[in-house]
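> with the sequence up front, the predicted model follows.
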Amino acid sequence: MKKHFISNDSPGYFLCLGALLGAVFWLAAPAGPTPGGRGNSSAQIATPERIKELQLAERDILGESELAKKDDPSFESAAALLPPLKRPREVVGVKYHSHDIGVASDAGLELSDDVDAAGSPKAFFEAGDPPRRFGAPPAGCAKSLLQGFLPVVLASSVSDGLRYRQKVFGWSEGLNPERDLWAYIEFTAENPGRDKRSVQVRFVVQPAADLNPSKSWSWTLQPGAAKNVRLRVPFDIRRAKFEEVAEAEYESRLGEVVRFWSEDLARGMTLDVPERRVNEAYKAWLAYASLDVDKRNGILEPHDGAGFYEQVYGYSAALYPQALDLWGRHGEARAVLESLLSLQAPDGLFTANFGTPDPGTLLLSIWEHYALSGDKAWLSVQAPKMTKMADWIIRMRKESMIVVGGKKPVTYGLIKFRPYCDHLEPTFDYFGDTYCAVGLEAAARALAAAGLADEARRIGGEAEAYRRDILASMDAAAVERDGMTILPMEPDTHRLLMGSSYRAWGYYGLISSCMLESGFLPVKDKRATWVTRFLEAKGGLRLGLTEFDGGADHAYSYGYWKNALERDQAKRAILGFYASLACGMSRETYSGVEVTKLFTGENDPTLPHLYSCTQQLRLLRMMLVREAGDDLWIGQALPRPWLRAGGKVEVGNAPTRFGPMSFTIGSFLDRGRVQVDLTAPSVAPPRRILIRLRHPDGREIAGAAVDGKPIKTFSGETISLDRPQGRMRVTVSY
């Protein structure tokens, strides 16, 4: 969560922007495999003159070009514009274990909770004569996940005419997070040639130590033959030895791991769409996210990373249970929420290494858990803690309720606290205030649901006053510049705006998107429009992702994508989704990073990143199933290619605020129709279910029927089902 990049408070930031800001124009090149062999290669970079022109552009030229096309953005179209990550990294391990094993870009093992620390232990294979490190340049390696999504990392490489493969997974006895963690690793050399070959293989631990000296094997490989070695390597390699294991032990441990993760990832909401990459990615995000959660002293600590960011960051940690609840994993969400509540201070404050948004985000997540799970008994138990947290917000904002010269200052009724983990000095900021305000509103609803009517009215009244004060502050703080109304994120200092020379890139873009994410501003509110127009016109976006430090920070883009869905601009959300898959994470192992340099694919090793997993899971769910007031959307941002003839989209056991639901959309466009089978939620039925069927050619619906009876409640590509009940079959003709 905290950046490892140049701050926009420093002079070097502007030098960096001058060299790197903007979108990159990539000329079309013949398609070829990525290192994983299942996607497009990056294309050639344009001339230096064209690059310079685009670097200086403030509009999202690449994004706008994708949005202007008749076809939807796709992974292939986004991947053709930008290079893949240069340094993908994965982790393997045991769910909720306090340690994780990193798999570096060269497939070496990282056996440390701080991979950047000097002397942190690493282990890897070498092969050949002279020995060459497996996976290192120039040969490199291609990586994938077992079955496409399990946290078992496969790597392969070709060197000197021989093929090498590596498979690694994490294990502990009984897969118990309290037991010692081990990496099980299998290394294979294969001779695809016609002549007999000899090869030396060596396993190396660095820094070198007497306890774990290097071990070597000499193999003779007949044509077409392969040999392998299997090891178990302790995470605590400074105190325990690695050792060779038999095939039976290796396969037994692997089977145990595969069974565990297969069962774990099958829980909750299920999804099956006509795009392999999406079916794999969401499961990989769920797995990576849970590996980023460490169980310590009985407490689940959501960390933004594994081997880095080994702290709880309050805001992103509190968002993670929202993703879990959206995907029907209520037990996990409840355990995380209870763990975070255990960090609450006696005065009611919840915060952890982040700042003002923390308490509001946690209050909102508690309410969302109740709204999606219906667990009223649990909510009642948490009500006193919610009240204390709400009262901390109320007390803090009263400190600024000082009238000066008969007038309310622009910061009247706002909270002066640490605004963000990169900016720790106390400041008034709308990101924190809007989250605290919606947190108060959520607390009032929760307390009413728990039967605490008096407290609900009291806190609800405070929330209404808070909202009025924030809106008045925004109106007073807005500035006119370059023909636009601009909303500063820090009303009295304008620091983020001044730091970006009154452009929307850098920290302004990140923070303003987070402010939109809070949902404080209705989509049609003029102030929300100020922010989205500024982001789109003044450098805030690159290929639909929020810009940062000459790159893209896709996780922070969720608020903008959410706003786009609320504006019913599906293509903007689809662009963000596929651009994230193409350049915000490793393309074949779906490991999300914090910031990617757009021009080069350079990235810090901040992956897999919990916040990234959280935001991608939230976006995908909202593209498919989204609550909008009393209405429920199905398929609002369904990519058009998914409805080609023969395509099928299946969503099962999806929790919604109206109750659980399932649906299947089947395309029979070769016969001129699309069929939707759904089970409407029944706990608190929505006013309407809106079904968006985005025809591959953009055609509008000509006729529709429900259970064989014609209906007229359709327009364009959308069907409206009023007061839906039970199982329904909707048939659409073109």
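Okay, I see it.

> do a quick rundown of the helices in the stretch 451-600 of the chain.
453-477, 495-499, 507-517, 526-537, 558-566, 570-583 (DSSP state H, counting those that start in this stretch).

> and those helices, which one's lowest on average pLDDT?
Lowest mean pLDDT of the helices of the stretch 451-600 of the chain: helix 495-499, a mean of 94.

> which strands or helices does it pack on?
Of the remaining helices and strands, those touching helix 495-499 by 3 or more Cβ pairs under 8 Å, 6 or more residues apart in numbering; DSSP states H and E are helix 507-517. For the C-beta atoms, the positions are set from N, CA and C on the backbone; glycine is no exception.

> now stretch 692-703: average pLDDT?
Mean pLDDT, stretch 692-703: 98.

> need the contact partners of it.
If you take Cβ atoms under 8 Å, 6 or more residues apart in numbering as the criterion, stretch 692-703 is touched by 70, 72, 570, 633-641, 643-644, 665, 669, 674, 676, 710, 714-719, 732-734.

> selecting buried members of those residues in PyMOL, what would you type?
In PyMOL, this line selects whichever of these come out buried by 16 or more other Cβ atoms under 10 Å:
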select buried, resi 72+570+633+634+635+636+637+638+639+640+643+665+669+674+676+714+717+718+719+732
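
> nearest to residue 88, of the helices of the stretch 451-600 of the chain?
helix 570-583 (11.7 Å; Cβ to Cβ).

> now the closest one, how far from the centre of its chain.
12 Å (Cα atoms, centre = their mean, to the nearest Å).

> same list (the helices of the stretch 451-600 of the chain) but as TSV, adding distance to residue 177.
Converted to TSV, the helices of the stretch 451-600 of the chain look like this (distance: least, Cβ to Cβ, whole Å):
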stretch	distance to residue 177
helix 453-477	37
helix 495-499	40
helix 507-517	31
helix 526-537	41
helix 558-566	29
helix 570-583	29
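
> and of those, who's closest to residue 656?
helix 558-566 (15.1 Å).

> which helices and strands does the closest one pack with?
Using 3+ Cβ pairs under 8 Å, 6+ apart: helix 558-566 touches helix 507-517, helix 526-537, helix 570-583, helix 610-624.

> residue 378 is nearest to which of the ones you listed?
helix 610-624 (21.3 Å).

> what does the helix or strand following that closest one contact?
Next in sequence after helix 610-624, counting helices and strands by DSSP states H and E, comes strand 625-628. Residues outside strand 625-628 that contact it (Cβ under 8 Å, 6+ apart): 565-566, 632-634, 636, 651, 654, 656-658, 661, 686, 690.

> return the member of these nearest to residue 473.
For those, the nearest to residue 473 is residue 566 (22.8 Å; Cβ to Cβ).

> now for the closest one: which residues touch it?
Applying Cβ under 8 Å, 6+ apart to residue 566 gives the contacts 523, 628.

> let's see 6 Å
With contacts defined as Cβ atoms under 6 Å, 6 or more residues apart in numbering, residue 566 is in contact with residue 523.

> then residue 160?
residue 128.

> same question for residue 321.
333, 336-337, 365.

> among the helices and strands packed on helix 558-566, which is nearest residue 182?
helix 610-624 (23.4 Å).

> what mean pLDDT does that closest one have?
Here the average pLDDT along helix 610-624 is 98.

> who touches that helix?
282, 285, 288-289, 292, 302, 304, 316, 319-320, 323, 326, 555, 558, 561, 565, 573, 577, 592, 637, 651.

> equivalent analysis for stretch 638-657, please.
Contacts for stretch 638-657 (Cβ under 6 Å, 6+ apart): 72, 269-274, 328, 371-372, 574, 624-625, 627, 660-667, 669-670, 681, 694, 696.

> buried only: go through those for me.
Buried among these by 16+ other Cβ under 10 Å: 72, 269-271, 273-274, 328, 371-372, 574, 624-625, 660-665, 667, 669, 681, 694, 696.

> from those, which ones fall inside strands?
Counted as lying in strands by DSSP state E, out of the buried ones among the contacts of stretch 638-657, are 270-271, 625, 661-665, 667.
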